[in-house]
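In: Quick one, what's the 3D model for this:
(one chain, ligands or ions: 2)
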Amino acid sequence: MQSRLPCGGCTIAAIVAISASLPLLEAAKAASSRSSARSYAASARSVPMSLEHLETALLALEKQRGTPELAGTVTEIDKMVTEMKGMVRNQSKLTQQTINQAWSDFISCAGLYDIDSRSDLQSVDSIARVHANCRLEESGKKMILDACEKELAVRSASELQRKGEFDTLNQFPSSGFCAHHTNSQQYSTVRGYIKHYRDHFASHLLSWENAFNASTDATKAKLHTLRDCYGDDRTKNGQGGKEEALVTKKVDCQKLQRKVEDAACDRIAHRADCVSYAKCYESNHNAYFASGQTKETSIQQSGKQREEYRALVRIKCVLDAYATYQDGPSLSKSISDCQQVQADVSFLDISLPDEADAMPPDNTACLQHSSSEKPGSESFTTQFYQSLIAKDDSTHWDNTKDDVLTCKGRCCPLPTDATV
Ligand SMILES: *[C@@H]1O[C@H](CO)[C@@H](O)[C@H](O)[C@H]1NC(C)=O
Ligand SMILES: *[C@@H]1O[C@H](CO)[C@@H](O)[C@H](O)[C@H]1NC(C)=O
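Out: Ligands and ions are numbered 1, 2, ... in the order given. Predicted coordinates:
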C-alpha cells in the first residue's frame with residue numbers, strides 16, 4: 001500500500017506514509033511498541049538498522065526545513081538509505097540462492113536412482129519356475145540312479161551268494177573220499193561200486209558247472225548294472241552312467257538357482273535405491289513446491305523486497321529534493337513529484353529455476369515393483385523353491401533340498417551371519 005499525497009506541504013506525512021509502506025518499518029514499529037529500547041536489529045537480524053531512526057530522522061528533517069542543519073541531516077539519512085538499498089539487494093541475492101539450493105536439492109534426487117539401468121530386472125517368479133522344473137528333472141534322475149543302485153545292491157548280494165555257493169563246490173574232495181564203503185549194499189558188486197561213482201561224480205560235475213555258471217552270470221549281471229549306474233569305469237565318481245546324468249542336471253540346476261537368487265538380489269538393490277530416491281523426491285518436491293515452502297515464500301519475499309526498494313528510491317528522491325532546494329515551493333513540488341517515481345526494480349526479480357522445462361520426471365512409481373524376500377531366508381526358500389518343487393510329490397523336495405538350501409546368489413547371507 002503506497003500513499004500518494006497531492007499536496008506539497010505535507011512532506012513529513014508523505015515521507016512517513018512512504019516509510020509506512022516499507023514492510024520493514026511495520027516490523028520496526030511493532031518491535032518498538034513492545035520495547036522502545038530494543039533496536040530493530042534485534043527483531044530482524046537481516047536488517048541491522050533501526051528504521052525507527054530513519055523515521056525519527058525524517059521527522060527532524062521537517063523541523064529543520066529552511067535551517068542550516070538541514071544539509072547535514074540529509075547527508076546522514078542519505079547514507080542510511082544507501083545502506084538499506086544494499087541490504088535489500090543482498091537479501092534478494094539470498095532469496096535467489098535459497099530457491100536455487102532447494103531446486104538443486106530436488107533435482108539431485110534423480111542421481112539416487114537410474115530407471116534405465118533397471119530395465120533388465122528379471123522376474124524372480126518366472127526364473128524360479130524354470131529352476132523348479134530343472135529340479136524336478138534332477139529328482140527324476142536321482143530316482144533312476146537310486147533304482148539302479150538298488151538293483152546293484154541286489155546283484156552284488158546275489159554275486160556274493162553265488163560265489164559262496166561255487167566256492168563251496170569248488171573244492172577237491174577230502175582224502176579218503178573215494179574209499180570203498182564195504183558195508184554198503186550198493187557196493188556188493190563191482191558193477192554197483194563203479195556205477196555209484198560214475199553217478200556221483202556226474203551229478204557233482206553238473207552241480208559244479210551250474211554253480212560256476214551261476215557265479216559267473218551273477219558277476220556279469222553286477223558288472224552290467226555297475227556300468228549302467230556309473231559308466232564304463234564302473235566307479236562312483238560322477239563320470240558316466242546314470243550318475244553322470246544326475247550330476248550334469250544338478251549343475252544345470254545350480255546355475256539356474258544362482259540366476260533366481262541374483263535376480264532377487266538385483267530387485268532388493270533396486271528397491272533400496274528406489275526407496276531412497278522416492279523419499280528424496282517427495283520431501284524435496286514438497287520443500288520446494290508445497291504451500292508455505294521455498295517457492296511460495298521466495299516469491300513473497302521478492303515482492304516485499306521490490307516494494308521496499310521502490311520506497312527507498314522515493315525517500316532518496318525526497319532527500320535529493322531537500323538537498324537541492326532546502327525550502328520553498330520548488331521543494332514542495334519536487335517532494336510531491338517524488339510520489340510518482342516508479343523505480344525500475346527488475347534487477348531484484350528472482351528467476352524460478354523450475355520454469356525452463358527443467359522439471360525432472362517423477363519415477364516414484366518404482367515403488368510399485370514387487371519386492372522379493374532375500375535369498376537364503378526361510379520365506380524365500382519356501383516361496384520360490386519348496387512350494388514349486390514339492391507341489392505334486394514331496395519326494396522331489398527331499399531329493400533336491402540339500403543343494404537348494406545352499407544359498408548361491410551374490411547377496412546371500414555370509415556363513416557368519418547364520419544363527420548358531
Ligand atoms: C552485501 O553483501 C556484500 C557481499 O557479501 C557485503 O560486502 C556488503 O557489506 C553487504 N551490504 C550490506 C548493506 O549488507
Ligand atoms: C554252463 O555254461 C556253458 C556256457 O554258457 C554252457 O555251455 C553249459 O551248458 C552250462 N552248464 C550248465 C550245467 O548249465
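In: Tell me the secondary structure at Lys236.
Out: Recorded secondary structure, Lys236: coil (DSSP: H, G, I helix; E, B strand; the rest coil).
In: Can you get me a residue count around it?
Out: Using other C-beta atoms under 10 Å, the number of residues around Lys236 comes to 16. No exception for glycine: its C-beta is placed from N, CA and C like everyone else's.
In: Now it: closest residue in space that isn't a chain neighbour?
Out: Take Lys236 and drop its neighbours on the chain: the residue closest to it by C-beta to C-beta, 6 or more residues apart in numbering is Tyr230, 5.3 Å away.
In: Distance of that neighbour relative to ligand 2?
Out: According to C-beta to the nearest ligand atom, to the nearest Å, Tyr230 and ligand 2 sit 27 Å apart.
In: Could you report the pLDDT at that residue?
Out: According to the prediction, Tyr230 has pLDDT 96.
In: ok, it touching Ala245?
Out: No - Tyr230 is beyond contact range of Ala245, at 11.0 Å (criterion: C-beta atoms under 8 Å).
In: These two: who's more crowded?
Out: Each of Tyr230 and Ala245 has its neighbours counted (other C-beta under 10 Å); Tyr230 has more, 23 against 18.
In: Phi and psi next, for that one.
Out: Main-chain torsions, Tyr230, degrees, to the nearest 10: phi -120, psi 0.
In: quick one, what contacts Ser123?
Out: By C-beta atoms under 8 Å, 6 or more residues apart in numbering, the contact set of Ser123 is Ala263.
In: gap between it and Ala264?
Out: Distance of Ser123 to Ala264, given as C-beta to C-beta, to the nearest Å: 10 Å.
In: same deal with Pro360?
Out: 29 Å.
In: And Arg155, by the same measure?
Out: Using C-beta to C-beta, Arg155 is found at 45 Å from Ala264.
In: which of these two has more neighbours?
Out: Higher neighbour count among Arg155 and Ala264: Ala264, with 27 against 19, using other C-beta under 10 Å.
In: Need the pLDDT of the residue nearest in space to the middle of the chain.
Out: Residue closest to the mean C-alpha point of the chain, counted by C-alpha atoms, centre = their mean, is Ala272 at 1.7 Å. Looking at Ala272, its pLDDT reads 87.
In: I'd like the next helix or strand past the strand or helix carrying it.
Out: Per DSSP states H and E, Ala272 falls inside helix 241-289. The helix or strand immediately downstream of helix 241-289 is helix 294-325, counting by DSSP H and E.
In: any idea of the angle that following helix forms with helix 241-289?
Out: 30 degrees (axes from the mean of the first three to the mean of the last three C-alpha atoms, to 10 degrees).
In: same question for helix 294-325, mean pLDDT?
Out: For helix 294-325, mean pLDDT is 92.
In: Name the next helix or strand following it along the chain.
Out: Going down the chain from helix 294-325, the next helix or strand is helix 329-338, by DSSP H and E.
In: how much does that following helix deviate in direction from helix 294-325?
Out: Helix 329-338 and helix 294-325 meet at an angle of 170 degrees, taking the same axes, to 10 degrees as the criterion.
In: which helices and strands sit right next to helix 329-338?
Out: Counting contacts by 3 or more C-beta pairs under 8 Å, 6 or more residues apart in numbering; DSSP states H and E, helix 329-338 is packed against helix 11-20, helix 294-325.
In: Now distance to Glu159 and mean neighbour count too, for those, in CSV please.
Out: Listed next are those as CSV, based on distance: least, C-beta to C-beta, whole Å; neighbours: other C-beta atoms under 10 Å:
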stretch, distance to Glu159, mean neighbour count
helix 11-20, 118, 20
helix 294-325, 90, 19
